[in-house]
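**Student:** requesting a structural model of the entry that follows:
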Amino acid sequence: MLKKGSKLYSILTGTCPKCQNESMYFDKNPLHFNKILKMHENCSHCGLRYQIEPSFFYGAMYVSYGLNVAVGIAAFIISFVIFGSSLKVAFIAIIASLIVLFPFILRWSRNIYINMFVSYDPKTKLK
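**Tutor:** Got it, this is the predicted structure:
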């Protein structure tokens, strides 16, 4: 499932969607907030330009919205339905989970968005 060559591998690791040999980000750790969105211009292995067109990653906002809604629903179901907490506690659980997962969702949304347009190519030659 998480083998090199799958979209899920590229999304969760943040590697180049075409060759999956290099991280797209300067700093792999999403918890370094000052470097969270700093990306390389091109992949040093296959030469893929990450910013496919001007303002390409603005589309990732829509993916981010969907991921945030999914996290909010999951937090509500876990806190309210499974644990039987009050609505106030469920609301606090939603807000807390969105704050804690913010850096991961931010990166995952970019990774998902670029993987919608670029597929893995095992025949990609080194640059």
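**Student:** is it true that I52 touches F117?
**Tutor:** Yes. Using CB atoms under 8 Å, I52 is in contact with F117, at 6.4 Å. From N, CA and C alone the C-beta is placed, and that goes for glycine too.
**Student:** dump the C-alpha coordinates for stretch 93-105 into PDB.
**Tutor:** What follows is stretch 93-105, C-alpha atoms only, in PDB (Å, rounded to 0.1, in the frame of the first residue of the first chain):
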ATOM      1  CA  ALA A  93     -12.400  18.600  20.300                       C
ATOM      2  CA  ILE A  94     -13.000  19.700  16.800                       C
ATOM      3  CA  ILE A  95     -11.100  23.000  17.300                       C
ATOM      4  CA  ALA A  96      -8.300  21.300  19.100                       C
ATOM      5  CA  SER A  97      -7.900  18.600  16.400                       C
ATOM      6  CA  LEU A  98      -7.900  21.200  13.600                       C
ATOM      7  CA  ILE A  99      -5.200  23.300  15.400                       C
ATOM      8  CA  VAL A 100      -3.000  20.300  16.100                       C
ATOM      9  CA  LEU A 101      -3.300  18.800  12.600                       C
ATOM     10  CA  PHE A 102      -3.000  22.200  10.800                       C
ATOM     11  CA  PRO A 103       0.600  21.800   9.500                       C
ATOM     12  CA  PHE A 104       0.000  18.200   8.300                       C
ATOM     13  CA  ILE A 105      -3.300  19.100   6.500                       C
END
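**Student:** got the contact list for it?
**Tutor:** 30-31, 33, 36, 64, 67-68, 71-72, 74-76, 78-79, 85 (CB atoms under 8 Å, 6 or more residues apart in numbering).
**Student:** residues in contact with the most centrally placed residue in the chain?
**Tutor:** The residue lying closest to the centre of the chain (CA atoms, centre = their mean) is W108, at 0.6 Å. Neighbouring residues of W108 by CB under 8 Å, 6+ apart: I11, L12, L67.
**Student:** which SS state does the closest residue to the last one other than its chain neighbours fall under?
**Tutor:** Nearest non-adjacent residue to L67, counting by CB to CB, 6 or more residues apart in numbering: I105, 4.9 Å away. With DSSP: H, G, I helix; E, B strand; the rest coil as the basis, the three-state label of I105 is helix.
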